[in-house]
Every structure is written in C-alpha cells, then in structure tokens.
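Q: What follows is a predicted protein model with its sequence.
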Amino acid sequence: MSKREQQSSTALPAKRRRGTNLPAFGAPTEDDLRLLQPSQSPSASALSVRVLPPKGTMPSLSSLAARAFVTHFQALAENEELWHYTKRLLKLLPDTLVPKLFSMLRSACPTILSHGFIVLYFMRGPSLALSSDLPGVQRQTIASIAKNNTLRELHLTGFDKIADAVFASLLQSLPGLRILVLRGCSKVGAKTADAMGDTCPSLTTINLNYTSVAGIPNWTDASFAKLLAGLAREPDLVLPNMKNIKVRQLDLSESSVYPYISYFPNLKRLDISFTHIRRLPAPTGVFVPSLEKLSLTSTMLSSIGVISFIAALPKLQTLYLGALGSGHGSSSSIGNTSAMTMTDDTLIALTDVMENFKGLEKISLVGNTKLGHTSRGAGALQDFIHRHLNLSGIPNLRSRDLSGMLSETVDEGPPSLEELILNHTGIDDEAAPFLSCCSSLVALEVAGTKLTSSGVFPIIDACTKLEKLDLTSCRGIKVADRRRFFEVWENEWRDA
C-alpha cells in the first residue's frame, strides 16, 4: 500500500476541551476574540507553520549580518573571550540599527536578555518596544528609558503592575515622542494622561487600550454630554488632523458618538463596535466620506441602515460587520440567531453595493449565524465569497458555497486572497478544489471544520505561498499531526 493510501484521514477524533483560543476579530484584532468565538473552542491551538525560502530582492548586508548575529548569539554569550569582543562591537552599533537588532533578539532568545544587558546596549535609537513577557524587564528597566531623550516611538505592553506615576515620570523626560503605545498597562491613568498633554506635544499616535484611561466605566451618554458641552463652547472648532476614533465597548449611543465625530472631517478609521448605537446617519448626512476602516461589530443596527451607510463610503478598505444585531457584545444575544440582522438578502444587497469598491481589502462577517439559512444552490454566500472573505463562526456555510472562488473566465485569474478564515463553519473535503484556487494564500484557518488530511494535502500542493495553517479541532486529522502538518505533507504526500 502506498503512503498516500496510508494517510491519516482515519484519525480518531480529538478530545474536545473548553478554553479561550478565539478566532480573529474580523481579520485581525484581538479585541473581538473574547466575545465572538463559538463556545466549543479548544484550549490549545493547532497552528502549523512553515518558513518558505525568501523570494525577490536580496536582503541588505546589515540584515544578513543581524540574522547571523542572532543565530549565534547564545554561543557568543557562552564564550568569555568572544563575548568581551562582542559587547565592544554592540556599543559601536549605529543608533538606527539598534531597534531592529533588539527586535530580532527579543523574538529569538528572550530569556537571555537581562535587565542590565537591555539597559546597557539597547536604550538608544529612535524606537523601543518592551513587553511584560520579557523576563529581564523590571521596573528599573522602564525607568531607564528616560535616558534616551531622542526617543520618537515607544511601545510598552502588558505592564499591569507598574504604577501610573512611573509612566507619568517617564514621559516627562521624552518630549520628542510621536508614537506611544501603553496597551495593557492597566494602572495607566490621569497622571500619565496629564504628562502626555503637558510634555509630549508631538504625539500623533496614542494607544491606551486596556488601561484605566480606556476603561472608564461611567462613560455613558449623560457623562459624555459634559465633554460635548465643553467642545460646543468653541463654535468654530474643527480638528482636521484627527484620523482615528475608537469608542468600542463604551456605553454610548448615537446621541453622543455622532456629534463627537462631526469635529473630525478627515477621519480615516472609526470603531463603534460593542456600543449602544442603533441607527446610522442617513446617506445624505454621512460626514465621514474619506473613511477607510469601519467596525460595526456587535451593534444593534438594521440591515437597511448598514447598507445605505456603507454605500456612501466608496474609499473603504477594511470593513468589520461581525455579529450584527447582537448588541453590545452580549454573549447571550450572540448565541441567539433570531437577534442577528445580517441575512442572505442583506448580504446580496451588500455585495451589489460594494461591486465598485476597488480598494476594499478586508471584510469580516464573523458570527452572523443567519447567513446560509435560506441559500439553495448559488446562494448569497457563494456570490460574496467570489470577492471578499472572513467567514468564521457561520455554521451554515458549506463547501459548495466556496465555489464562488472559481474563476468564471480564463482571463479573470485566481482570487487574490492572502488570508482566509473559515473557522467553525460547515465545510469538509469537498471544499478542497475551491480552496486550491486561492494560489496567493499565505494563511488559512479552518479550525473546527470537517476537513481531513485527504482534503488538506492538495490545498498545500496548490497554495505554494501558504505559511500558516490552523487545524485546531479538525477531527479528521490526527492530533499529533495538526501542529506539524507541513512536515506530514512532505513525508506522506509530496515525497510519496
């Protein structure tokens, strides 16, 4: 019997385990993960990854040298004579190369980067990124950042035990900052916010997600009205440089959000997901015509209002319409199919509206469980898939719905999809020919589907650019094979 006939398609089903491995928010922010994933999600992902040989231009000499240094970093550190010489060279490294080398070391060997080593060799250069998962980073490490008064970009992530006053004191020494990310630093509060306003006049990007600033619990319409009243004291106030507004998960309705947005005529990105907004502006009243990214996930919006609003935004590049109708991210309403407002008829209308949206790159319909209920034959999902994709959490999506990926004419060419998310849908091995048409795929997620090894092997054959493959809870594939499926493909299929 050949190796192909002995493939692992008859594997025993993996034991189902509860947990928090959640699918991407639309196409890619972790904020939606916690609320939109079906409850049967397993606790450990089975992501298979392969590194393809580089193509295109030759890397620069500095990049090749940095890769070689990172590869042999541990060996250098263990040789006393070489390590003494290496430390001298590190001090001579140009400031512009320091952030790049530190980033590579952080990914390759984080446990070797001690507090003293980081402070001595990497507290310089135009940017710095530290996270709480680096064992060597301490409170003193954070305080030492103040010595680099030429810093322009600072990312500090997950430091939930460091006090607000520490961050405030740090910012007072960094007047030239332009980008500041304090995501997950939960104690960041009023002192840090005041320091930003007083000492960092050049800031253009601020991320305070999961801090006490972003998590103000009493931001209701009544409290927000005070802010609007203050803004109204300036009758000609317009803020043309504001490009990004995110009010997700706040207890606000359209009576607060829309007057606020009107001060920002050049807005590019708007996130009003998980709010109490129930109505969108009429097409004639749309005041954000330049919008490129829009998130309406888990809002109680009517399908008619959504279609009309989107039709007036031809510059859209990213659109998140996950779990429409569920309302403020309530887990009970997310599981209630009757609450959903995205139906097959809505999807057909949306497809027609976006026919000429040439710049649209990403779209999410995650968790719209009514989709596919009424489709027979060439349904709404099939027509939609021909152009836009991210459809995880839609149990009625079947393999035949993916037939829209097939090119209708020879001149049309294959789909340009690079990332395709079909987690927890109803597809099986019959989807393999349609998925194989997506020759540009880099990442494919099919967790919790009925695909087996027999179906996945030909997909890898056809998708030569595929680097990431999520097979979590695919019961037709052996548990031991899911994380190493590219290796299994080589041994049992390609070289058979």
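A: Alright, I've got the coordinates. Numbers count the residues shown, from 1 in each chain.
Q: so what's residue 470 bridging to?
A: For residue 470, the beta-bridge partners are residue 47, residue 445 (DSSP bridges).
Q: Surely it and residue 451 touch.
A: No - the pair residue 470 and residue 451 fails to qualify as a contact (CB atoms under 8 Å) at a distance of 10.9 Å. Every C-beta, even on glycine, is put in place using the N, C-alpha and C of the backbone.
Q: neighbour count winner among those two?
A: residue 451 (27 against 24; other CB atoms under 10 Å).
Q: and the closest residue to the more buried one other than its chain neighbours, what are its phi and psi?
A: Spatial nearest neighbour of residue 451, excluding adjacent residues (CB to CB, 6 or more residues apart in numbering): residue 474 at 5.5 Å. Main-chain torsions, residue 474, degrees, to the nearest 10: phi -80, psi 100.
Q: Just confirm residue 474 contacts residue 452, I think it does.
A: Yes - using CB under 8 Å, residue 474 is in contact with residue 452, at 7.5 Å.
Q: which of the two has more neighbours?
A: residue 474 (27 against 20).
Q: Low-confidence bits of this structure, can you list those?
A: Per-residue confidence for the chain (pLDDT under 70) gives these ranges: 1-45, 55-56, 214-218, 283-287, 327-339, 374-388, 407-412, 496.
Q: how about the strands in it?
A: 47-49, 127-131, 153-157, 179-181, 205-207, 244-246, 269-271, 293-295, 318-320, 362-364, 419-421, 443-445, 468-470 (DSSP state E).
Q: ok, the fourth one: who's next to it in the sheet?
A: Yep, that's strand 179-181 we're talking about. In the sheet, strand 179-181 lines up with strand 153-157 (parallel), strand 205-207 (parallel) (DSSP bridges).
Q: hmm, back to that, tell me the contacts of the residue nearest to residue 451?
A: 46, 446, 447, 448, 449, 450, 451, 452, 482 (CB atoms under 8 Å, 6 or more residues apart in numbering).
Q: How about residues contacting stretch 277-296?
A: With CB under 8 Å, 6+ apart as the criterion, stretch 277-296 contacts 26, 248, 252-254, 257-258, 261-262, 264-273, 299-302, 305-306, 308-313, 315-321, 324, 359.
Q: follow-up on the earlier one: between the strands of the chain, which one is nearest to residue 120?
A: strand 127-131 (13.9 Å; CB to CB).
Q: starting at the chain centroid, how far to that closest one?
A: 19 Å (CA atoms, centre = their mean, to the nearest Å).
Q: Kindly calculate the angle that that strand makes with strand 153-157.
A: Orientation check (axes from the mean of the first three to the mean of the last three CA atoms, to 10 degrees): strand 127-131 against strand 153-157 gives 0 degrees.
Q: how about strand 127-131: buried residues?
A: 127, 128, 130 (16 or more other CB atoms under 10 Å).
Q: still on that earlier bit, tabulate the strands of the chain (a markdown table), appending distance to residue 224.
A: Converted to a markdown table, those look like this (distance: least, CB to CB, whole Å):
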| stretch | distance to residue 224 |
| --- | --- |
| strand 47-49 | 41 |
| strand 127-131 | 32 |
| strand 153-157 | 28 |
| strand 179-181 | 24 |
| strand 205-207 | 19 |
| strand 244-246 | 13 |
| strand 269-271 | 16 |
| strand 293-295 | 19 |
| strand 318-320 | 23 |
| strand 362-364 | 27 |
| strand 419-421 | 34 |
| strand 443-445 | 37 |
| strand 468-470 | 39 |
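Q: Out of those strands, which is closest to residue 234?
A: Using CB to CB, the nearest of the strands of the chain to residue 234 is strand 244-246, at 18.2 Å.
Q: which outside residues touch that closest one?
A: By CB under 8 Å, 6+ apart, strand 244-246 touches 205, 260, 261, 264, 267, 268, 269, 270, 271.
Q: List only those of those flagged as buried.
A: 261, 264, 267, 268, 269, 270, 271.
Q: Could you check how far the first one is from residue 457?
A: Look at residue 261 and residue 457: by CB to CB, to the nearest Å, they are 49 Å apart.
Q: Where do the helices of the stretch 201-350 of the chain begin and end?
A: With DSSP state H, counting those that start in this stretch, the ranges of helices along the stretch 201-350 of the chain come out as 221-232, 254-261, 303-311, 331-334, 344-353.
Q: Quick one: distance of the first one to the chain centre.
A: Put simply, helix 221-232 sits 32 Å off its chain's centre (CA atoms, centre = their mean).
Q: got a list of contacts for that helix?
A: Contacts of helix 221-232 (CB under 8 Å, 6+ apart): 237, 251, 252, 253, 255, 256, 259, 260, 263.
Q: Residue 47 against residue 485, yeah?
A: No - Residue 47 is beyond contact range of residue 485, at 9.6 Å (criterion: CB under 8 Å).
Q: Of those two, which one has the most company?
A: residue 485 (25 against 17).
Q: I'd guessed the more buried one sits against residue 476; true?
A: No - the criterion here is CB under 8 Å, and residue 485 misses it with residue 476 at 11.9 Å.
Q: Now the common contact residues for those two.
A: residue 453.
Q: what's the closest non-adjacent residue to residue 127?
A: residue 153 (3.7 Å).
Q: what's near enough to touch that neighbour?
A: 126, 127, 128, 177, 178, 179.
Q: Can you tell me which of these lies closest to residue 144?
A: residue 128 (10.3 Å).
Q: Excluding chain neighbours, what is closest to the closest one?
A: Nearest to residue 128 is residue 154, by CB to CB, 6+ apart, at 5.7 Å.
Q: could you measure that neighbour against residue 183, distance?
A: On the measure of CB to CB, residue 154 and residue 183 end up 12 Å apart.
Q: Among the two, which residue is more densely surrounded?
A: The neighbour count for residue 154 versus residue 183, taken as other CB under 10 Å, is higher for residue 154 (21 against 18).
Q: how close does the more buried one get to residue 178?
A: 9 Å.
Q: Over to residue 255?
A: Residue 255 is 34 Å from residue 178, by CB to CB.
Q: next one: residue 348
A: For residue 348, the distance to residue 178 - CB to CB - is 45 Å.
Q: can you check residue 92 too?
A: Taking CB to CB, one finds residue 92 at 27 Å from residue 178.
Q: With neighbour numbers in mind, choose between these two.
A: Neighbour comparison, residue 92 and residue 178: the larger count goes to residue 178, with 15 against 6 (by other CB under 10 Å).
Q: doesn't residue 204 make contact with the more buried one?
A: Yes - using CB under 8 Å, residue 178 is in contact with residue 204, at 5.3 Å.
Q: okay, now residue 138: neighbour count?
A: For residue 138, using other CB under 10 Å, the count is 15.
Q: from memory it sits against residue 114, does it?
A: No - in this structure residue 138 lies outside contact range of residue 114 using CB under 8 Å: 9.6 Å.
Q: how about the helices of the stretch 51-200 of the chain, start to end?
A: Counting by DSSP H, counting those that start in this stretch, the helices of the stretch 51-200 of the chain are 61-71, 73-78, 80-92, 98-108, 115-122, 139-144, 164-171, 190-199.
Q: most packed of those?
A: helix 164-171 (a mean of 20; mean count of other CB atoms under 10 Å).
Q: now that one and helix 190-199, what's the angle there?
A: Using the same axes, to 10 degrees: helix 164-171 against helix 190-199 is 20 degrees.
Q: Report all helices and strands that helix 164-171 contacts.
A: In terms of contacts (3 or more CB pairs under 8 Å, 6 or more residues apart in numbering; DSSP states H and E), helix 164-171 is packed against helix 139-144, helix 190-199.
Q: Would you mark the buried spots in stretch 468-478?
A: 469, 470, 471, 472, 473, 474, 475, 476, 477, 478.
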